[in-house]
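*Asks:* What shape does this take:
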Amino acid sequence: MNYIEAVREQLARYPQSALGDLYKSFFQDSFGPGHLLDDLGQTRLSFERELAAMQSRGRWASEPCGLGRNFHRIPMDLIVDGIVDREEYYDSFLASARSFTLPDIVYWREEWQTILEALRPLEHQIKDFGADEKRIASLLQRRSYVSDHSSHYRRLYDPHYRIFTTIEARRLLKDM
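*Replies:* Modelled structure (predicted):
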């Protein structure tokens, strides 16, 4: 799969994705969710609060992040709907997060520029391309890299998932 194919797949699932949402997906595939492990107590609390507040939308399919080489998004609907055990899900998430490597900001900035240039032919199909391009450049200039989904994306798609390595995703979903 290449960058264009990955974006077309995401736009087929989530047509209102902004460039920042695509950035998040490619970042997640490269580096996973390890930045969420700064405080394990807070990580667990956030997980439990999100589960308690969400309603299932019947999303049970694993989705690749970015190019799908390293990480996948697994919806928390699987827990709410009783398909996957809460503790098994959480333990697999933690195992995946521990495989995280801190991004080299110089490497990631270069990688993002490569992705961005590959996406230029789709610029007219990607929401907020110009504004998000500037916002992300500013973020990277400040030596930061983590970005949330756009408020538009959150409002439309109500995402509730965690990031898993491809290996952990297969193990967790083996019986599905």
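*Asks:* all helices for this structure, in order.
*Replies:* For the chain, helices defined by DSSP state H occupy the ranges 3-13, 19-31, 40-53, 77-80, 86-97, 105-119, 129-141, 151-157, 166-172.
*Asks:* Which residue lies nearest the spatial centre of this structure?
*Replies:* In the chain, the centroid-proximal residue (CA atoms, centre = their mean) is residue 25; its distance is 4.4 Å.
*Asks:* so that one sits right up against residue 9, yeah?
*Replies:* No - assessed by CB atoms under 8 Å, residue 25 is found out of contact with residue 9, at 9.9 Å. For the C-beta atoms, the positions are set from N, CA and C on the backbone; glycine is no exception.
*Asks:* Kindly confirm whether my reading is correct that residue 83 touches residue 172.
*Replies:* No - between residue 83 and residue 172 there is no contact under CB under 8 Å: 10.4 Å.
*Asks:* between these two, which one's more packed in?
*Replies:* Neighbours were counted for residue 83 and for residue 172 using other CB atoms under 10 Å; residue 172 has more, 23 against 15.
*Asks:* so how far is residue 84 from that one?
*Replies:* From residue 172 over to residue 84 the distance is 6 Å, taken as CB to CB, to the nearest Å.
*Asks:* Residue 69 now?
*Replies:* Look at residue 69 and residue 84: by CB to CB, they are 23 Å apart.
*Asks:* Looking at those two, which has the bigger crowd around it?
*Replies:* Higher neighbour count among residue 69 and residue 84: residue 84, with 21 against 12, using other CB under 10 Å.
*Asks:* For that one, which non-adjacent residue is closest in space?
*Replies:* Take residue 84 and drop its neighbours on the chain: the residue closest to it by CB to CB, 6 or more residues apart in numbering is residue 78, 4.1 Å away.
*Asks:* Low-confidence ranges, the chain, go.
*Replies:* Counting by pLDDT under 70, the ranges of the chain that qualify are 34-37, 100, 102.
*Asks:* re earlier: tell me which of the helices of the chain sits most buried.
*Replies:* Of those, the one with the most neighbours on average (mean count of other CB atoms under 10 Å) is helix 19-31, at a mean of 23.
*Asks:* Counting by contacts, list what that one packs against.
*Replies:* helix 3-13, strand 71-75, helix 105-119, helix 129-141 (3 or more CB pairs under 8 Å, 6 or more residues apart in numbering; DSSP states H and E).
*Asks:* Perfect, I'm done here.
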